[in-house]
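[1] Kindly return the folded structure for what I paste below:
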Amino acid sequence: GAKLVQVIDANRSTLIKQIPLPSLDVSWEIALNQNASRAFACNGNNALSVIDTNTNLLIASIPAAGHPIGIVLSKDGSQAFVSTWQNNTVVVIDIVNLKAVKTIPVGSYARGIDISQDGQWVYVANYANGGSASSVSVIATSTLSVVRTVPMPVPAYGVAASPDGNSFFICGINNGGQGF
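    Residues are numbered from 1 along each chain as shown. Next up, the predicted model:
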């Protein structure tokens, strides 16, 4: 792979810079902290890569076993919630002290992840595969535990919480292999 993170100018749609990360394996999602001084890249090499965006240097590689694939930051900017595809977990990362603080078991093949507008709930799309059932795990941020599992009729891949907090949206693949 390219082993780098690219920064794009949103107004001109042009490449501004490339940040080389030799330890980066496969990266699926990336998130920025509130002042954009740090970028957090899911690294398929069982880590969350932390980049100082002022120096463009890797400042930490936080262990997150099981192929990290999705990430969302808490509303207060203190934690990252990282879904792991192979371990069926969400790893909670203290992004101030740069360390994992909890691993939460969720459904099979955790993928998409989002947080409610009020910051109380994290939603995790569990794709499932073979004999396991697809679902969405709902995590309470106050207890860092799953409080509800919502069965899905087809494999869920992505999730988005509505701004009003009354619903969440799911995308995935139907039985014919077509996205919905």
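
[2] Tell me if I'm right that residue 21 and residue 58 touch.
    Yes: the criterion here is CB atoms under 8 Å, and residue 21 meets it with residue 58 at 5.6 Å. Placement of C-beta: from N, CA and C, glycine included.

[3] okay, and the common contacts of those two?
    Contact criterion CB atoms under 8 Å, 6 or more residues apart in numbering; residues shared by residue 21 and residue 58: 49, 51.

[4] Any idea how many residues pack against the nearest residue to residue 156 once chain neighbours are set aside?
    Spatial nearest neighbour of residue 156, chain neighbours left out: residue 125 (4.0 Å); criterion: CB to CB, 6 or more residues apart in numbering. Neighbour count for residue 125, taken as other CB atoms under 10 Å: 30.

[5] quick one, what contacts residue 125?
    Residue 125 sits next to 110-113, 136, 152, 156-159, 170, 172 when contact means CB under 8 Å, 6+ apart.

[6] Tell me the one of those residues nearest residue 28?
    Nearest to residue 28, judged by CB to CB, of those is residue 111 at 8.7 Å.

[7] Mind pulling up the pLDDT for that closest one?
    On pLDDT, residue 111 comes in at 95.

[8] Which residues does the helix or strand that it is a member of contact?
    Element membership for residue 111, per DSSP states H and E: strand 110-115. By CB under 8 Å, 6+ apart, the residues outside strand 110-115 that reach it are 69-75, 81-85, 88-90, 121-127, 137, 141, 156-161, 168, 171.

[9] redo that, cut-off 7 Å
    With contact meaning CB atoms under 7 Å, 6 or more residues apart in numbering, strand 110-115 is reached by 69-72, 74-75, 81, 83-85, 88-90, 121-127, 157-161.

[10] Likewise for stretch 46-53?
    With contacts defined as CB under 7 Å, 6+ apart, stretch 46-53 is touched by 5, 19, 21, 23-24, 36-43, 58-68, 80, 82, 93, 98.

[11] ChimeraX command for the buried members of those residues?
    This is the ChimeraX syntax for the buried subset of these, where burial follows 16 or more other CB atoms under 10 Å:
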select :5,19,21,24,38,39,40,41,42,43,58,60,61,62,64,66,67,68,80,82,93
